[in-house]
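J.: could you look at this predicted model? Sequence included:
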Amino acid sequence: MSETSSKAVPNTAAHRGSRQTSACRVALVGFGTVGRAVAKILCESGERSLRLTHICNRNVERKRQPWVPSDVVWTDDVDLVLGSDVEIVVELIGGLNPAEKIVRDALRAGKSVVTANKQLIAHHGPDLLQLAASQGCQLEFGASVAGGVPVLPALRTGLSGDRLHGIAGILNGTCNYILSRIETARIPFSEALEEAQARGYAEADASEDLDGGDARAKLAILALSGLHARVVPESVRARSIRPIDAVDFDYAAELGCTIRQISRADLKQHTLFADVGPCLVPTDSPFGGVQRNLNLVLTSGQYGGDMAFLGAGAGGDPTAVAVVSDLIYVAGRLSSGSGDQEVASCFRTPSISSDFETPWYLRFFVRDQPGIVARLAEILARHRLNIDAVLQKPGFDKASLPFVITLEPCHNSQLHPAIEEMSGLDFSIRPSLCLPILR
Ligand SMILES: NC(=O)c1ccc[n+]([C@@H]2O[C@H](COP(=O)([O-])OP(=O)(O)OC[C@H]3O[C@@H](n4cnc5c(N)ncnc54)[C@H](OP(=O)(O)O)[C@@H]3O)[C@@H](O)[C@H]2O)c1
């Protein structure tokens, strides 16, 4: 562990301009994709309220950049940062360990914190906000949901006058890229995933994205900030996008819909209805128009109605803009002497349910034989489920025939036992796919 001085570099006019005694001293912990982009903005923009003083990363020597002013301290020792006179620590290493300890130590040392770390806030947000408040510090995490889309700052300020009861979003760019590629090119899921990985939109192990873990952490943060509800991310049902087939887009199109991974939370009295997973959405709806790796968040308020926020949900530069915007906000509050964290007077702890009432899309792959639809209809009728339509496109192999039944609105809990029963039928060659239809 060592503090190192950097080589002489040109000191830009912009940087010199920020050298005011009143500028807030900022340390970056984590100099990867986002950390580097944040440093670039701080060094280039001439933002007078902020002054970058430290960059901390493990094995920091290999991270040095010639465009960073020579008086910035490069270090791999986070304790050196915490023991210094920095006022804001920017945590950009990600994950829970050691990020959680670094953030707690920073707040205990009286430093405000800005982070983009969704796992940290989703799991420890309420505690950390209380800690920040008790220390007279700020904690901001605007980049932790939807990257560069300023939805969390909007919840903090522009929408705080409303009483929100619902939040829904396309929160995972990887899933949206894959689904919109299957939609436009009618390629198999595996090919769309490989393409996303080749373009850097999906990690080698993309399970967190595909199976909904990433999106439900973000939904938990939106619920915390917008609905003042404590939500353990793992308590939210997450359904994978892996079973989605190109043929599902053909059938969805017949219904005027497409398929997107939707994260939704609706607060009804003491219950938060929450779910993450693929859904049918109308092609001409806001969700239906979201292509590639963009994010969209819709909020529903008692007084203001519906609002939409669309933009780049990831990427170094858009995410860095959100981080720097948080820094400017925190610096402003510190300089005006109103530096204490505002914490909702109390967070609700609602019970969590995924038992939404919606119409449903059921897709079956069967070995064709007489009486299949009659058999399925009999099971559905016994469970008091009403069929809306039966769709069967011609031209498929009879040994692997896809067809669809749509159901009139019913609760998930009502549908589930019927699906269990159907899974044992001898003509079924794949587990059936059940997708909510959001109208
Ligand atoms: N990238 C995006 O588009 C995006 C969007 C929204 C939010 N975020 C969030 O932003 C945060 C940073 O993401 P990123 O994409 O910038 O990640 P990244 O590229 O992996 O950068 C993380 C940096 O932290 C360093 N690091 C990791 N563990 C460390 C430790 N124990 N001590 C010191 N340094 C350590 C890494 O060093 P090495 O070089 O040695 O690995 C790396 O330089 C994460 O919380 C992420 O979820 C990212």
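T.: All right, it came through fine. In this text, all values refer to a predicted model and were calculated from it rather than measured experimentally.

J.: can you give me the helices in the stretch 51-200 of the chain?
T.: 78-82, 99-108, 118-134, 151-156, 173-185, 189-198 (DSSP state H, counting those that start in this stretch).

J.: out of those helices, flag the one nearest the ligand.
T.: The ligand lies closest to helix 118-134 among these, at 5.6 Å (C-beta to the nearest ligand atom). Every residue, glycine included, has its C-beta placed from N, CA and C.

J.: need the CA coordinates for that closest one. PDB is fine.
T.: Output in PDB follows, covering the C-alpha atoms of helix 118-134 (Å, rounded to 0.1, in the frame of the first residue of the first chain):
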ATOM      1  CA  LYS A 118     -27.000  -0.900  -7.100                       C
ATOM      2  CA  GLN A 119     -26.300  -4.000  -5.000                       C
ATOM      3  CA  LEU A 120     -25.000  -1.900  -2.100                       C
ATOM      4  CA  ILE A 121     -28.100   0.400  -2.100                       C
ATOM      5  CA  ALA A 122     -30.600  -2.300  -2.800                       C
ATOM      6  CA  HIS A 123     -29.400  -4.400   0.200                       C
ATOM      7  CA  HIS A 124     -28.200  -1.600   2.600                       C
ATOM      8  CA  GLY A 125     -29.800   1.600   1.400                       C
ATOM      9  CA  PRO A 126     -32.000   2.400   4.400                       C
ATOM     10  CA  ASP A 127     -29.200   1.700   6.900                       C
ATOM     11  CA  LEU A 128     -26.700   3.700   5.000                       C
ATOM     12  CA  LEU A 129     -29.100   6.600   4.600                       C
ATOM     13  CA  GLN A 130     -29.700   6.600   8.400                       C
ATOM     14  CA  LEU A 131     -26.000   6.400   9.000                       C
ATOM     15  CA  ALA A 132     -25.400   9.400   6.700                       C
ATOM     16  CA  ALA A 133     -28.100  11.400   8.400                       C
ATOM     17  CA  SER A 134     -26.700  10.600  11.900                       C
END
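
J.: relative to helix 99-108, how tilted is it?
T.: Helix 118-134 and helix 99-108 are oriented at 20 degrees to each other (axes from the mean of the first three to the mean of the last three C-alpha atoms, to 10 degrees).

J.: need the contact partners of helix 118-134.
T.: 91, 94-96, 99-100, 103-104, 107-108, 112-113, 115, 138-139, 141, 144-145, 214, 216-218, 220-221, 224, 230, 232-233, 340-343, 347 (C-beta atoms under 8 Å, 6 or more residues apart in numbering).

J.: filter those residues by proximity to the ligand?
T.: Near the ligand, judged by C-beta under 6 Å from any ligand atom, the entries from the contacts of helix 118-134 are Gly94.

J.: in ChimeraX, how would I select the buried members of the contacts of helix 118-134?
T.: The ChimeraX selection below is limited to those of the contacts of helix 118-134 classed as buried (16 or more other C-beta atoms under 10 Å):
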select :91,94,99,100,103,104,107,112,113,115,138,139,141,144,145,214,216,217,218,220,221,224,230,233,341,343,347
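
J.: next step: the contacts of helix 118-134 restricted to strands.
T.: 91, 112-113, 115, 139 (DSSP state E).

J.: got a list of what the nearest residue to Pro243 once chain neighbours are set aside touches?
T.: Of all residues not flanking Pro243 in the chain, Leu433 sits nearest, at 5.2 Å (C-beta to C-beta, 6 or more residues apart in numbering). Applying C-beta under 8 Å, 6+ apart to Leu433 gives the contacts 243-245, 248, 361-363.
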